[in-house]
Structures are given as C-alpha cells and as structure tokens.
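[1] Pasting the sequence and the predicted coordinates here, then a few questions.
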Amino acid sequence: MASIASRRLAKELSEIKSEGCPVGINLVKADDFATWWFTIEVMGESLYESEVHTLQFRFDAQYPISSPAVQFVVTDGRESPVHPHVYSNGHICASILGNEWSPVLSVIAVCVTLQSMLASCKKKERPVDNDRYVRTAPDNPKKTQFEYHGKLLRIYSSVPPINASAYRMFRRHVRIPA
C-alpha cells in the first residue's frame, strides 16, 4: 500500500507533467519521491534578472503533514542567491518552510513563494549572521528552527554556538530591516 507521502507526490508530479510549471520555474529531476530538483528564475526586471538558481526538495514519510527540506543548491558553478533570507550554504529562512507550513501547500506553491521572495527583494545582501550560521548549520535545514518575534529573528540551530555570551549578544542585535 502506498504511503500518504508517495500518493501526494505522485499527484503533484502528475499535475506538473500535465499542466506544466509557472513561468520561470522548471522541473529538472523527479526520479523518485525522495528528492526533486527545480530551477527558478525571476522574470522581468529585478535584482535577480537573468539568474537561474536550482532548488532541491527532500521529502520524508510525513509529507505533506511536515514540510519538505528545501534549499538552494550550492555546487561548483552554482551559488545560492544573495538575499537577506538565503544563507550562502543554500538554507532558506522562510516561515512557510517551518512554523507556517500547511499540508495544503504544494511543491509548486513553495517555488512560486520563493520566486516572489526574490522578485520583491530591494537589496542583494546575505543575512547578517551568514558566516556564523553557515559554520554551525546542520546539513538538513529543517533541523534549524527560525523563530520570528516582530522584526527580531532568533535562530536556534542543533549545533550550539561556541560562546554563549557572544550568542546572547548576537540575538539582541540581529534585526530584520522593515
């Protein structure tokens, strides 16, 4: 008997193959129900004009109840987009990939949301804590819990910081621009 995850992913893949992807989003590979790859490009005038980035989706047996692990692919010749919510290791700080995930969301909905996030960016810059986060981040972005409190962003990683007092100071000073 097929699992809920495999039935849901089969349905999503069938829809993608029959209806196609939205403009600027292309399915690259979906050979199984464990990992899928898409390319994403912001269409029209934007800071990311003519840039093509690759997204990797990793699914567990709990999908769609739990979100997929989604990140930009960073390899030789490919970088993650320089964006205030995208780390240089490809991890993405987006609430729909964490506490605002809903089982009604689809892979395409996530792609469109990330495409929109890039399109609306006003300034290319890395998150202020990029270097520290990349140094201590787990391989799986789902093992990092991003919590939002107003404009303050708190990041809890499964790997604790080396110096607790420096981390407390960091938490007090990280602000998301309005």
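    Done, it's in.
[2] Identify the residues contacting the residue nearest the centre of the chain.
    The central residue of the chain, meaning the one whose C-alpha is nearest the mean C-alpha position (C-alpha atoms, centre = their mean), is Ile92 at 3.7 Å. Under the criterion of C-beta atoms under 8 Å, 6 or more residues apart in numbering, the contact list for Ile92 reads Val70, Gln71, Phe72, His85, Val86, Leu114, Pro141. The C-beta positions use only the backbone N, C-alpha and C, and glycine is treated the same way.
[3] Tell me if I'm right that the fourth one and Ile96 touch.
    Yep, that's His85 we're talking about. No. Using C-beta atoms under 8 Å as the test, His85 is too far from Ile96 to be in contact (11.4 Å).
[4] Mind listing residues that contact the longest helix along the chain?
    Across the chain, the longest stretch assigned as helix under DSSP state H is helix 4-19. Outside of helix 4-19, the residues that reach it under the criterion C-beta under 8 Å, 6+ apart are 2, 27, 30, 33, 59-65, 106-108.
[5] Kindly calculate the angle that whichever helix or strand comes after it makes with helix 4-19.
    For helix 4-19, the succeeding helix or strand toward the C-terminus, using DSSP states H and E, is strand 25-29. Between strand 25-29 and helix 4-19, the angle comes out at 120 degrees (axes from the mean of the first three to the mean of the last three C-alpha atoms, to 10 degrees).
[6] At which residues are the strands of this protein located?
    Remark: strands of the chain, listed N- to C-terminal, are 25-29, 35-41, 52-58, 69-72, 145-149, 152-156; assignment by DSSP state E.
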